[in-house]
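Participant: pasting the sequence and the predicted model now:
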Amino acid sequence: MGVKEFKLPDVGEGVAEGELVSWLVEVGDTVTEDQAVAEVETDKALVEVPSPYNGTVKELLAEEGEMVPVGNVIITFEVEGEGDEPTDEERTSAEMEAQESEADERETGDEAIGAAGDGEAVAGESPEKGADGEAETPKGRVFAAPSARRLARELDVDINAVEGSGPGGRVTDADVQTAANGQMESEVGEPESESDSGPREVSTGEKQSAVSRRDGQSAVNGSAGAAASAEAAGRDRTLAAPATRRMAEEEGVDIDDVPTDETRDGEAFVTAEAVTQYAQAQREAREAEMQAESAETEAEATSATNATAEGVAERIPYRGVRRTIGQQMEQSAYTAPHVTHHDTTTVDELVDVRAEYKQLAAERDVKLTYMPFVMKAIVAGLREHPILNSTLDESDPENAEILVRNEYNIGIAVATDAGLMVPVVKNVDKKSILQLSREVNDLASRARERKVTREEMQGGTFTITNFGAIGGEYATPIINYPETAILGLGGIEKRPVVEETEEGDEVVAANTLPLSLSIDHRVVDGADAAAFTNTVMEYLRNPKLLLLE
Amino acid sequence: MVVGDISTGTDVLIIGGGPGGYVAAIRAAQRGLDTTLVEKDEYGGVCLNRGCIPSKALITGADLAHEAGNAEEMGIHANPAVDMAQMVDWKDGIVDRLTGGVEKLCKANGVNLIKGTATFKDENSVRVAHGGEGQGSESIEFDSCIVATGSRPIEIPNFSYADDPVLGSRDALDMDTIPERLVVVGAGYIGMELSTVYAKLGTEVTVVEMLDDALPGYEDDVANVVKRRAKDLGIDFHFGEGASEWRDSSDGGITVVTETEDGEESTYPADKVLVAVGRSPVTDTLGLDAIDLEPNDRGFLETDDYARTDIDHIFAVGDVAGEPMLAHKAFKEGIVAAEVIAGEPAALDYQAVPAAVFTDPEIATVGMTKAEAEEAGFEPLVGQMPFNASGRAMTTNHTEGFCRIVADEDSGFILGAQIVGPEASELIAEVALAVEMGATLEDVAATIHTHPTLAEVVQEAAENAEGQAIHTLNR
């Protein structure tokens, strides 16, 4: 049996990390190749991650809800046949067989890695060097890929102190990660690994977190030093003067646990100074631990207070699609000065036309909505007022350009469970009402199922948001930046309007459609907005004009 | 402050727009830092304007002419005429495209470009004097600074580049006629590259070198391949002789006088003399006194693994930061400096810097030689493949040279390689990757290489080291 590691694959172009939403397997499960093992949500989509192997799930290395950088090992499998990538454990056991005499030392070895704050201690306890000081690791050089080196820097791990598990002792990303985890544990004063209480933390490779982590580490380094030297040596036999033994007893320390470099007749020898130092280090370590614990409790208390004080029912992580939407909205709102132009048009004729053709469309299996008519009216408006069919290219801030587009690609904002998605209907000017209807329905339903591709959400020149479908008259749509305009549709409802008749003005009930057009005032002027809206309204009032389009 | 000075501020100030500087500027700007690049001369630095690119252009031109004129064996009978002025024009076109590209890239990434010479006022500001009389100056305050001022050719006594018959490497790339006789002072890589170019274009080339041999720094068997070929091309070598002066001669040309250590003089007739004795870092224009930063005794600014000088927020990259003076080393350092400034965990922890010499045949090396590996405490295992056993090499009609791989016997890790032969500069990339990745001989040997290609020599050398070679006898 071999153990295979599986790294979070690149789940989409340019996606650096994903939230591990849920595990679809448990430790011990048998999986077949291509079976989905986890659901990962990126800022673009929810994807299932398939197993590359036939085998048994050995370890799950990320927790649900955790952000995992692409390339991190998230799961390991037991696979029939020999393993190409022996894990630490395997390697260790192989070495233990080969070097039985070292077995004891090796058992404390894991803890030694926990004390990685002290580079020397780790190097000294690496199994290769343990035997005769003759380093198996090539002298003075660590073999590792540049990516592993960078990871080590990100996690603030000294790669020279990492034991490599790759071919010939090459240091892999996983080795670096393991060393980093060990380092973390030692720093919070918990040398005992919690490996059996649940999956290991692996999601620390994120850039920002790496930086903050560095800072965090420097803050705890002081106590880490103390903790390192407070490490119990755990010998079976120790030589010491009787006075020293008594002193140890008084200090409450086990003489076999006091670290020492000195030997007599090949046996470890402990001096009085060593006992004092060790006792002192232990006290400090305990204090640090207590401080850390109380800080943690305090932090928990504070966050709990926040939660209850403001009556928070649920804390939803701000990430994935939600965060992407948020960032886009923020960029748009704070970049483009928005002005919203409101108007209302009567659409009695449109209602009739749609009712009439709805039947015909149904016969062709198409559910006809108002949307294609509005899209056509918008294209007519954009043709007359091209400045609204533009995007602002600020990629070179010095030489920003308004790109007036000659294609009519209309984005339709769709509310989905995951949040707002804007699939784009391309070349609206070249498509028939039925074609548009079909395409809008298809895109909208796939958006709700989150099956719209990235490409299908790109290339828009103008966007429609139909809040009226849910209810409402006017709103302030936020522009789908870098586009320069967005039209919001209120609900089509009968509202009182004044009609001029021969008998005089009369208030009648007419189907009306409220429109809210937001423009980027840097590019589009209010007059253009009004003129464009007038054109759109004219077409909506007289839908037969659309036949001429 | 000088009257009329304008003072502006920037996050990162970069002095010098060569490979180290422009790369650093673009990366810093990509990281969202307000970045200002000051260049006194031409964007692209030595590499683009008077080093790598122009020399490689002329080398290609000269090779083509020489090959075409020497291919009777293949049934090609030609006597190419070389219009040197046109070749130089063609080369200038390439240089212009590239330098223009650098400028555009900088601008497109939002780097502020300033023409002028920057001098430190104190640890957080420089004064930039714009070129030319009355162009004024401005002060720029910075949070971080990257010094990337590069290097310039060393001048030797009695050979001033201002004198017409004395050529620096730059002039040698700008000649519109091919000299009949050329004396080259220096048999380092620049001297050897340019000697080869002119020998192939029909010039009678004499090389004088103070040291005992050509291409110091390369192993004898590597250098010998190149020297042998150079001799075949008609280049005349004189070692142990230093150039002492030149004078006009009665035939309208010049006479170059050399001297041995014992004071023995020789004279060589020539039309031009090319001095290529090395390059020295440029630090004298920086006003380093004002910031209490001193170059080391070799003139370089010393830096740590983060490209930092002794002053924490002042970085140095490229030639000015020490050897090897190679553009790709400068690229890497520039990136690291910019990323460190941006707060990222970048560092210069590469395992080896590949180097290439564009002689005929080319030399390219990466990592350790056998001797260096021994010195570092490894037990080196060496595998070698001669190009004359490579099918592809035979079909290119270039079979001189070999590929040698040095590995650690214990682990099989590849420690380095020396390749001398056709396209060595390209082939070395594979071994550079192997060294960086910590690949073993087995990894390389077991990677399928395209047949028939020159790259097979790398695989064969790895197999040879393991005693598994098929196409050559194992060591």
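Facilitator: Yep, that arrived.
Participant: contacts only, for the residue of chain B found nearest chain A.
Facilitator: Of all residues in chain B, the one sitting closest to chain A is B:Gly438 (3.1 Å; CB to the nearest CB). For the C-beta atoms, the positions are set from N, CA and C on the backbone; glycine is no exception. The contact partners of B:Gly438, taken as CB atoms under 8 Å, 6 or more residues apart in numbering or on different chains, are A:143-145, A:166, A:168, A:170-171, B:413.
Participant: SS state for A:Tyr539?
Facilitator: At A:Tyr539, secondary structure determined by DSSP: H, G, I helix; E, B strand; the rest coil is helix.
Participant: next one: phi and psi at the residue of chain B closest to chain A?
Facilitator: Main-chain torsions, B:Gly438, degrees, to the nearest 10: phi 70, psi 40.
Participant: where's it relative to A:Asn160, distance?
Facilitator: As judged by CB to CB, to the nearest Å, B:Gly438 and A:Asn160 stand 14 Å apart.
Participant: got it, and A:Asp173?
Facilitator: 16 Å.
Participant: more neighbours, these two?
Facilitator: Taking neighbours as other CB atoms under 10 Å in any protein chain shown, A:Asp173 and A:Asn160 compare with A:Asp173 leading, 21 against 15.
Participant: check for me that A:Trp39 belongs to a helix.
Facilitator: Slight slip there: residue A:39 is Glu, not Trp. No - judged by three-state DSSP, A:Glu39 forms no part of a helix; its state is strand.
Participant: give me the neighbour count for B:Ser131.
Facilitator: Residue B:131: Gly, not Ser. Taking other CB under 10 Å as the criterion, the count of residues near B:Gly131 is 10.
Participant: also B:Thr472?
Facilitator: If you count neighbours by other CB under 10 Å, B:Thr472 ends up with 18.
Participant: wait, is it part of a helix?
Facilitator: No - counting by three-state DSSP, B:Thr472 is not part of a helix but coil.
Participant: quick one: contacts for the residue lying closest to it once chain neighbours are set aside?
Facilitator: Beyond its immediate neighbours in the sequence, the residue positioned closest to B:Thr472 (CB to CB, 6 or more residues apart in numbering or on different chains) is B:Ala389, lying 5.1 Å away. Neighbour list for B:Ala389: B:460, B:471-472 [criterion: CB under 8 Å, 6+ apart].
Participant: which bits of chain B sit near chain A?
Facilitator: B:107-108, B:110, B:343-347, B:349-351, B:376-378, B:408, B:410-413, B:436-438, B:440, B:443 (CB under 8 Å from any CB of the partner chain).
Participant: buried only: go through the residues you listed for me.
Facilitator: The neighbour-count criterion (16 or more other CB atoms under 10 Å in any protein chain shown) marks B:110, B:344-347, B:350-351, B:378, B:408, B:410-413, B:436-438, B:440, B:443 among the residues of chain B next to chain A as buried.
Participant: tell me which element residue 269 is part of?
Facilitator: Here I'm looking at chain A. If you go by DSSP states H and E, A:Phe269 is part of strand A:267-270.
Participant: hmm, I had chain B in mind actually
Facilitator: strand B:265-270.
Participant: the next helix or strand after that strand pairs with which strands?
Facilitator: Per DSSP H and E, the first helix or strand lying C-terminal to strand B:265-270 is strand B:272-275. Neighbouring strands of strand B:272-275 in its sheet, by DSSP bridges, are strand B:166-167 (parallel), strand B:181-185 (parallel).
Participant: for strand B:272-275, which outside residues touch it?
Facilitator: Contacts with strand B:272-275, where a contact means CB under 8 Å, 6+ apart, come from B:153, B:155-156, B:159, B:161, B:165-169, B:171-172, B:175, B:179, B:181-186, B:191, B:194, B:243, B:246, B:254, B:256.
Participant: and those, which are buried?
Facilitator: Those of the contacts of strand B:272-275 that meet the buried threshold are B:153, B:156, B:159, B:165-169, B:171-172, B:175, B:179, B:181-186, B:191, B:194, B:243, B:246, B:254, B:256, by 16+ other CB under 10 Å.
Participant: among those residues, which are located in helices?
Facilitator: Of the positions in the buried ones among the contacts of strand B:272-275, B:169, B:171-172, B:191, B:194 sit in helices, assigned by DSSP state H.
Participant: want to throw the residues you listed into a markdown table with pLDDT?
Facilitator: Output for these, formatted as a markdown table (pLDDT from 0 to 100):
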| residue | pLDDT |
| --- | --- |
| B:Ser169 | 91 |
| B:Asp171 | 93 |
| B:Ala172 | 94 |
| B:Gly191 | 96 |
| B:Leu194 | 96 |
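Participant: specify the local secondary structure of A:Glu500.
Facilitator: When classified by three-state DSSP, A:Glu500 comes out as strand.
Participant: for B:Gly101, that is, sorry about that
Facilitator: B:Gly101 is classified as helix under three-state DSSP.
Participant: number of nearby residues for it?
Facilitator: 13.
Participant: do the same with A:Val275
Facilitator: As a burial measure, A:Val275 scores 24 neighbours (other CB under 10 Å).
Participant: in chain A, what residue is nearest chain B?
Facilitator: Across chain A, the shortest distance to chain B (CB to the nearest CB) belongs to A:Phe143, at 3.1 Å.
Participant: give me the phi and psi for that residue.
Facilitator: When quoted as degrees, to the nearest 10, the phi and psi of A:Phe143 stand at phi -100, psi 120.
Participant: that one: how many residues sit nearby?
Facilitator: With other CB under 10 Å as criterion, A:Phe143 counts 26.
Participant: OK, contacts around it?
Facilitator: Counting by CB under 8 Å, 6+ apart, A:Phe143 makes contact with A:164, A:166, A:168-171, B:411, B:413, B:438.
Participant: let's see it at 10 Å
Facilitator: A:137, A:164, A:166-171, B:351, B:408, B:411, B:413-415, B:435-440 (CB atoms under 10 Å, 6 or more residues apart in numbering or on different chains).
Participant: which ones among those map onto helices?
Facilitator: B:435-437.
Participant: quick check: closest non-adjacent residue to the residue sitting nearest the centre point of chain B.
Facilitator: Taking CA atoms, centre = their mean, the centroid of chain B lies closest to B:Leu326, which sits 4.6 Å from it. In this structure, B:Leu326 finds its nearest non-sequential neighbour in B:Ala355, 6.1 Å apart by CB to CB, 6+ apart.
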